[in-house]
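Visitor: Build me a model from this:
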Amino acid sequence: CNYTGGEFSLIRTQILIDERHHRFLIQEARSKKISISEVVRNLIEEKQKELSAAQAKGAMEMIKEAVSGPADSIHHDEVLYR
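Guide: Take a look at the predicted model:
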């Protein structure tokens, strides 16, 4: 089943979790006064952002390591036009 919720379509799904995780979701939902579904969506969104940031950081590290030699990018004109 699909439901329209705001700017996006929601898809009904079913998951099996252990009792400890269920209690956590209930506590989060009660403390934030939102549904368990909203708690799960928020946790997924946070994890996606975390992974995207980690991937971006990893890409920057790869770029830094790909360039060898002195760090002359600040004085590139002097290096290029010697």
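Visitor: how far away is residue 28 from residue 39?
Guide: 5 Å (Cβ to Cβ, to the nearest Å). In short, each C-beta sits where N, CA and C put it, glycine included.
Visitor: Of the two, which one has the most company?
Guide: residue 39 (19 against 16; other Cβ atoms under 10 Å).
Visitor: Assess the claim that the more buried one and residue 33 are in contact.
Guide: No: counting by Cβ atoms under 8 Å, residue 33 is not a contact partner of residue 39; they are 10.8 Å apart.
Visitor: Beyond the helix or strand bottoming out on mean pLDDT in the chain, next helix or strand please.
Guide: Using mean pLDDT, DSSP states H and E, strand 2-5 stands out as the lowest-scoring helix or strand of the chain, at a mean of 59. Proceeding C-terminally, strand 2-5 gives way to strand 8-11 as the next helix or strand, assigned by DSSP states H and E.
Visitor: Figure out the helix or strand that residue 17 lives in.
Guide: Taking DSSP H and E as the definition, one finds residue 17 inside no helix or strand.
Visitor: swap that for residue 77, please
Guide: helix 76-80.
Visitor: Centroid-nearest residue for the chain?
Guide: The centroid of the chain falls nearest to residue 49 when counting by Cα atoms, centre = their mean (1.6 Å).
Visitor: Tell me the confidence at residue 9?
Guide: Here the pLDDT value assigned to residue 9 is 88.
Visitor: remind me which residues of the protein are low pLDDT?
Guide: By pLDDT under 70, the weakly predicted segments of the chain are 1-7, 65, 67-76, 79, 82.
Visitor: redo that, cut-off 90
Guide: Residue ranges of the chain with pLDDT under 90: 1-10, 50-82.
Visitor: At which residues are the helices of it located?
Guide: 19-32, 36-66, 76-80 (DSSP state H).
Visitor: Of the ones you listed, which is nearest residue 9?
Guide: For these, distance to residue 9 was read as Cβ to Cβ. The smallest value, 12.7 Å, belongs to helix 36-66.
Visitor: Restrict stretch 50-63 to CA atoms and write it as PDB.
Guide: What follows is stretch 50-63, C-alpha atoms only, in PDB (Å, rounded to 0.1, in the frame of the first residue of the first chain):
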ATOM      1  CA  GLU A  50      25.900  10.000   8.100                       C
ATOM      2  CA  LEU A  51      26.800   7.600   5.300                       C
ATOM      3  CA  SER A  52      26.700  10.400   2.700                       C
ATOM      4  CA  ALA A  53      29.000  12.600   4.900                       C
ATOM      5  CA  ALA A  54      31.400   9.600   5.400                       C
ATOM      6  CA  GLN A  55      31.500   8.900   1.600                       C
ATOM      7  CA  ALA A  56      32.200  12.600   0.900                       C
ATOM      8  CA  LYS A  57      35.000  12.600   3.400                       C
ATOM      9  CA  GLY A  58      36.400   9.400   2.000                       C
ATOM     10  CA  ALA A  59      36.300  10.900  -1.500                       C
ATOM     11  CA  MET A  60      38.200  14.000  -0.300                       C
ATOM     12  CA  GLU A  61      40.800  11.800   1.400                       C
ATOM     13  CA  MET A  62      41.300   9.900  -1.900                       C
ATOM     14  CA  ILE A  63      41.700  13.200  -3.800                       C
END
